[in-house]
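Enquirer: Generate a structure from the sequence data that follows.
(2 chains)
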Amino acid sequence: TQLLEQSPQFLSIQEGENLTVYCNSSSVFSSLQWYRQEPGEGPVLLVTVVTGGEVKKLKRLTFQFGDARKDSSLHITAAQPGDTGLYLCAGEGGSGGSNYKLTFGKGTLLTVNP
Amino acid sequence: GAVVSQHPSWVICKSGTSVKIECRSLDFQATTMFWYRQFPKQSLMLMATSNEGSKATYEQGVEKDKFLINHASLTLSTLTVTSAHPEDSSFYICSARGTENEKLFFGSGTQLSVL
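Expert: Numbering: from 1, shown residues only, chains lettered A, B, ... in the order given. The predicted model follows:
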């Protein structure tokens, strides 16, 4: 069974602060995705990282895929209240994953206070 | 971009009744659809994977006779919660993809409350 450990589980910060969310696994994934979900809605894809060591930026969000493709991080610079939400990492494929289903981390509930 | 429509958005039902949730891909053919369950402030738990025209593959611990999945066409999959009980109350989300290398698109979810 492939598991993704996501931390921290809860994070409450002030507007303007920086934060990092981590996603770790003992398994290798062919790709890793980050989603953001608001209450009562489905997850929205933020980014997909595929290559070990890859870094992608999306405005104030920076995503990194570990060299061994087992871990990833999401860094938010100068957080804003609009960043509030549940952030989910999800690994796809990899060892034993033959049907391209996603394995989700437990999520990080981020609250950015104005 | 591709859109996945999920209906209804929320449903309230009495204990013992059955509830059907629909998941439609609006502008692409979904060869594979996934059904997830999510409790408040928790992550998505995969329930089953359905491929068009074949039986769904259920995750360990998910009762196939209770959560009936039908993927009869390339644009529609349904999840029927049979004989629902209060513990089945949850947020159910579907996702769909076309060919194996295409992105996964999520529906907006269905909040089920069983009284």
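Enquirer: Could you give the number of residues near A:Lys59?
Expert: 7 (other Cβ atoms under 10 Å in any protein chain shown). C-beta here means a position set from N, CA and C on the backbone, and glycine is covered the same way.
Enquirer: List phi and psi for it.
Expert: When read as degrees, to the nearest 10, the backbone of A:Lys59 gives phi 60, psi -110.
Enquirer: and the gap between it and A:Ile13?
Expert: Separation of A:Lys59 from A:Ile13 (Cβ to Cβ, to the nearest Å): 18 Å.
Enquirer: Quick one, grab the pLDDT at the residue of chain B found nearest chain A.
Expert: Closest residue of chain B to chain A, Cβ to the nearest Cβ: B:Phe106 (3.7 Å). pLDDT, B:Phe106: 93.
Enquirer: Enumerate the beta-bridge partners assigned to it.
Expert: Note on B:Phe106: beta-bridge partners B:Ser95, judged by DSSP bridges.
Enquirer: Excluding chain neighbours, give the residue nearest to the closest residue to chain B within chain A in space.
Expert: Among all residues of chain A, A:Gly42 sits closest to chain B, at 3.7 Å; criterion: Cβ to the nearest Cβ. Here the nearest residue to A:Gly42 in space, its sequence neighbours aside, is B:Phe106; by Cβ to Cβ, 6 or more residues apart in numbering or on different chains that works out to 3.7 Å.
Enquirer: Equivalent analysis for B:Val62, please.
Expert: B:Met47 (4.9 Å).
Enquirer: For my notes, confirm that neighbour occurs in a helix.
Expert: No. In this structure, B:Met47 is strand, not part of a helix, as judged by DSSP: H, G, I helix; E, B strand; the rest coil.
Enquirer: Quickly list what B:Phe34 is bridged to.
Expert: B:Thr49, B:Ser95.
Enquirer: I'd guessed it sits against B:Leu46; true?
Expert: Yes. Here B:Phe34 reaches B:Leu46: they are 6.2 Å apart, a contact under Cβ atoms under 8 Å.
Enquirer: okay, and the common contacts of these two?
Expert: A:Lys101, A:Leu102 (Cβ atoms under 8 Å, 6 or more residues apart in numbering or on different chains).
Enquirer: host element of the residue lying closest to A:Ser7 once chain neighbours are set aside?
Expert: Excluding the flanking residues, the one nearest A:Ser7 by Cβ to Cβ, 6+ apart is A:Tyr22, at 5.1 Å. Secondary structure assignment for A:Tyr22, by DSSP states H and E: strand A:19-24.
Enquirer: Same check on A:Leu86?
Expert: strand A:85-92.
Enquirer: do the helix or strand just after that strand and chain B meet?
Expert: Counting by DSSP H and E, the next helix or strand C-terminal to strand A:85-92 is strand A:102-104. Yes. Using Cβ under 8 Å from any Cβ of the partner chain, strand A:102-104 reaches chain B at A:Leu102, A:Thr103, A:Phe104.
Enquirer: mind checking pLDDT for A:Gly96?
Expert: On the pLDDT scale, A:Gly96 gets 47.
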